[in-house]
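sequence unknown, structure follows:
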Ligand code: ADP
Ligand code: MG
């Protein structure tokens, strides 16, 4: 080896390594999933590069992953003939974490094992998970299409630093040798490895092979010492999951595939697998996660589907196929409608993309509608992603009504901060003669619940939606009606309770207004410029007065958002 140097891990890597090793002990088998997943990605990338440059295969287009172990030495070796890495790439990929939001994420970790394990799962551990089971890892890699002399050896004990050196490497691709910790030696076992490989990589397109040692037998059927021959046996199914017929795929396989695609530890809430033929030709497999990724609200957080064109992997995180308000959906899109050499730039111009996008949007919304039949699962979904879905009506006018049907609210019906009531529930409980859907927006649940604006509604038993999320006013400015019933902000404009009020009440109100004209005049003089108007109201039953915004005025939340944006 030449040009050897020792480098320090980026601080974030050190922190992650430390926390991961301590909190993922009971999940440690996932290291194999992560490494196989990387090897499969590397094969996908090479296949893609080879589309217009066959030579890059270096005569070896039979993409595969090999796993070997040595029980005595306590090692596991993973090998792929995928894209490989250059020296610079090795230093970048296996020395840093190049994702925005990483340090904020690390700050959330508390040192409390179970909590951290969950968070780290959301973050995705990747390559570094090898150090959960190994106290020494060697990576030998060479980028496909480079010279044999361009190999790189990376080595680390998973503490503060790693070394890199140039080496001679005959084959391209990556080989990873894990030297197992004393207490993880159980993984250097044929049976254990095989069952893990099946568990984690049946759905991966690339064959995962393990050596099978056979001894010849003599005439009496006894094994002959020293006659071992080794053949490679493919251990996984090695067909892309989404290509297989739905009827042949069981839930466990769908879940395992989700973990591969989404880099998540926990099971998805639901999924939807569809093959479409006709004007558009595509297969999609979309998932609703049960947990939010750490970068859900990051501007450049990972989102979108894994894109394949005719089974060839094209790119991760193709965000053009789903609207932003569905950015939590994970999965795969495989289509014949795009060309193999499509790029991110080309995707933005391709009219087929919009068609597929609107189809996938429908599928996602339908999937959520189905999920909503299961109250508990839907509540998990709503608590996790509800405020993202609330961006929907503003972004996607065409599907406004559908999205509105998926929203959940706090209301005076339950008077609970849990958002679990649908608009259909509300409409089902409307009073006779009630034509509108009433709502109030304020900062915080208690501010809505205790608002004096609700007094008359409570008295009359009319339900009001209690909106207290930051995004709610924005949402309501884009939702005008649901099932033909318009929305009314109870804190704005004149209050018209429609048919719910009878004639007598109205008359009485008018009389009161007349009788109090003098008082109104005096109050108005006293308040002067501070108010536009002073009116007698029948909104209140207990409180003497309240502040009301004109009907078309921007609400408090919106004003604050605009102010924050410097407007
Ligand atoms: P992720 O897979 O989410 O990007 P990882 O930590 O698993 O994160 O891997 C980091 C990066 O290292 C990968 O994105 C890839 O560029 C590189 N890498 C890891 N394993 C391999 C491999 N077997 N072949 C080529 N590149 C790899
Ligand atoms: Mg990975």
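Arrived safely. Remember, predicted model here, so these are calculated numbers, not experimental data. Ligands and ions are numbered 1, 2, ... in the order given.

now do the contacts for the residue in the stretch 51-200 of the chain positioned nearest to ligand 1.
Using CB to the nearest ligand atom, the closest approach of the stretch 51-200 of the chain to ligand 1 is made by residue 126 at 2.3 Å. Heads up, the C-betas are built off the backbone N, CA and C, glycines and all. Residues near residue 126 by CB atoms under 8 Å, 6 or more residues apart in numbering: 34, 38, 263.

10 Å instead?
Listed by CB atoms under 10 Å, 6 or more residues apart in numbering, the contact partners of residue 126 are 16, 20, 31, 34, 35, 37, 38, 93, 94, 97, 263.

likewise residue 166?
Per CB under 10 Å, 6+ apart, neighbours of residue 166: 1, 2, 3, 4, 87, 149, 150, 151, 152, 153.

that one falls within a strand, correct?
Yes: under DSSP: H, G, I helix; E, B strand; the rest coil, residue 166 falls within a strand.

columns secondary structure, distance to ligand 1 and neighbour count on top of the contacts of residue 126, output as a markdown table?
Listed next are the contacts of residue 126 as a markdown table, based on DSSP: H, G, I helix; E, B strand; the rest coil; distance: CB to the nearest ligand atom, whole Å; neighbours: other CB atoms under 10 Å:
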| residue | secondary structure | distance to ligand 1 | neighbour count |
| --- | --- | --- | --- |
| 16 | helix | 10 | 24 |
| 20 | helix | 11 | 25 |
| 31 | helix | 11 | 26 |
| 34 | helix | 6 | 21 |
| 35 | helix | 7 | 24 |
| 37 | helix | 7 | 21 |
| 38 | helix | 3 | 20 |
| 93 | helix | 3 | 17 |
| 94 | coil | 6 | 23 |
| 97 | coil | 8 | 21 |
| 263 | coil | 6 | 20 |
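
so which of the residues you listed reach ligand 2?
Restricting those to those touching ligand 2 (CB under 5 Å from the ion) yields residue 38.

how far off centre is stretch 414-422?
25 Å (CA atoms, centre = their mean, to the nearest Å).

no wait, stretch 136-155
For stretch 136-155, the distance to the chain centre is 33 Å (CA atoms, centre = their mean).

repeat that for stretch 378-385.
Taking mean C-alpha positions (CA atoms, centre = their mean), stretch 378-385 and its chain are 13 Å apart.

go on, stretch 341-354?
On CA atoms, centre = their mean, the centre of stretch 341-354 falls 23 Å from the chain's centre.

what's the answer for stretch 410-429, then?
27 Å.

show me where the stretch 101-250 of the chain has strands.
134-142, 151-156, 161-167, 173-180, 208-214, 229-234 (DSSP state E, counting those that start in this stretch).

need these in JSON lines (columns: distance to residue 345).
What follows is the strands of the stretch 101-250 of the chain, written out as JSON lines (distance: least, CB to CB, whole Å):
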{"stretch": "strand 134-142", "distance to residue 345": "29"}
{"stretch": "strand 151-156", "distance to residue 345": "31"}
{"stretch": "strand 161-167", "distance to residue 345": "33"}
{"stretch": "strand 173-180", "distance to residue 345": "29"}
{"stretch": "strand 208-214", "distance to residue 345": "34"}
{"stretch": "strand 229-234", "distance to residue 345": "38"}
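
of all the ones you listed, which one is nearest ligand 2?
Closest to ligand 2 of the strands of the stretch 101-250 of the chain is strand 173-180 (CB to the ion; 12.0 Å).

so is that closest one next to ligand 2?
No: contact of strand 173-180 with ligand 2 (CB under 5 Å from the ion) is absent, the minimum separation being 12.0 Å.

what's the average pLDDT for that strand?
Mean pLDDT, computed over strand 173-180, is 98.

pLDDT weak spots in the stretch 101-250 of the chain?
In the prediction, the stretch 101-250 of the chain carries no residues with pLDDT under 70.

quick check, the residue in it closest to ligand 2?
Across the stretch 101-250 of the chain, no residue is closer to ligand 2 than residue 126, which sits at 4.0 Å (CB to the ion).

could you do the stretch 301-450 of the chain as well?
Counting by CB to the ion, the stretch 301-450 of the chain gets nearest ligand 2 through residue 316, at 10.1 Å.
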